Each structure stands twice: as C-alpha cells, then as structure tokens.
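A.B. asks: Pasting a predicted model and its sequence here:
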Amino acid sequence: MTVSDAQLKEVKDRLHITHDSEDENLKRLISASHAAIKGSCGEFELDAEELGKELVYERVRYAYNDAVEYFEDNFLSQIVAFNFHLYTKAEEARLLEEETATDEGGA
C-alpha cells in the first residue's frame, strides 16, 4: 500500500507529531495496520471506508506507543462491525450482479 501525504498528515495530527523525523516509521505503521485490518475484516480502500480508516489509525496509535497487543481487545466491537459492514456490502454487490446477469439473460 502506498501511503498518501494526506493520510500521513492525518496520522501525525492524531498523534500530535509536528516533526518529519517519524514519517517513514509512520508510513510503515499505516501500511502494516491497513494490512492487519484487511486481514481481520476483508479488502477495503482506506479513503473509501471511514470506519476502516478509523480502525487503521487507532491501530497505528497503539503500535506507535508500543501497545499494539491491546488494540484488538479494545476495538473488538468495531472490528466485528466493520467486518459485517464489508461482508454486507460485498453480498449486496454480488446479488446485484447476479440479478443483472439474470435480467440480461432473460431478455
């Protein structure tokens, strides 16, 4: 995943970091956190899913503060909710595609 300047700025603002010496570390943490949340919840674009972005940024905060082992327990309800959201969204898209294919085949 390529971390955008806007994403980096959002994380730095959240962590109250004003210097640039942590930029590469933060980019690695954003990428790793995005991968971890995708592994738990499914594929998503960081800028397209606000709950996903929130989970990624919160995991970055935990990782930055050497407390990532507490993240999952503290955010379990949000992780489950996001997982359900992504599943529902994918299922709706699949059903719509199936319906469209049926309509085209019957016409």
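C.D. replies: Here it is on my side, so go on.
A.B. asks: Check the spacing between residue 4 and residue 72 real quick.
C.D. replies: As for residue 4, its distance to residue 72 is 26 Å (criterion: C-beta to C-beta, to the nearest Å). Every C-beta, even on glycine, is put in place using the N, C-alpha and C of the backbone.
A.B. asks: does residue 19 count as helix, strand or coil?
C.D. replies: Reduced to three states with DSSP: H, G, I helix; E, B strand; the rest coil, the structure at residue 19 is coil.
A.B. asks: ok, it to residue 33 distance?
C.D. replies: Per C-beta to C-beta, residue 19 is found 21 Å from residue 33.
A.B. asks: again with residue 24
C.D. replies: 15 Å.
A.B. asks: Check residue 106 and give its pLDDT.
C.D. replies: The model reports residue 106 with a pLDDT of 57.
A.B. asks: Could you pull out the buried residues of the lowest-mean-pLDDT helix or strand in the chain?
C.D. replies: Per-element confidence for the chain was summarised using mean pLDDT, DSSP states H and E. The lowest value among helices and strands belongs to helix 76-106, with a mean of 90. Along helix 76-106, the positions that meet the burial threshold by neighbour count (16 or more other C-beta atoms under 10 Å) are 79, 82, 85-86.
A.B. asks: Please apply the same query to stretch 10-22.
C.D. replies: 11-12, 15, 17, 22.
A.B. asks: mind listing what residue 31 touches?
C.D. replies: Residues in contact with residue 31 (C-beta atoms under 8 Å, 6 or more residues apart in numbering) are 1, 3.
A.B. asks: pLDDT of stretch 17-29, averaged?
C.D. replies: Here stretch 17-29 scores 97 as its mean pLDDT.
A.B. asks: which residues sit against it?
C.D. replies: 3, 8, 11-12, 15, 60, 63-64.
A.B. asks: repeat for stretch 94-103
C.D. replies: Under the contact criterion C-beta under 8 Å, 6+ apart, stretch 94-103 has no outside partners.
A.B. asks: From the chain's centroid, how far away is it?
C.D. replies: On the basis of C-alpha atoms, centre = their mean, to the nearest Å, the separation between the geometric centre of stretch 94-103 and that of its chain is 28 Å.
A.B. asks: neighbour-wise, which of residue 24 and residue 33 wins?
C.D. replies: residue 33 (25 against 11; other C-beta atoms under 10 Å).
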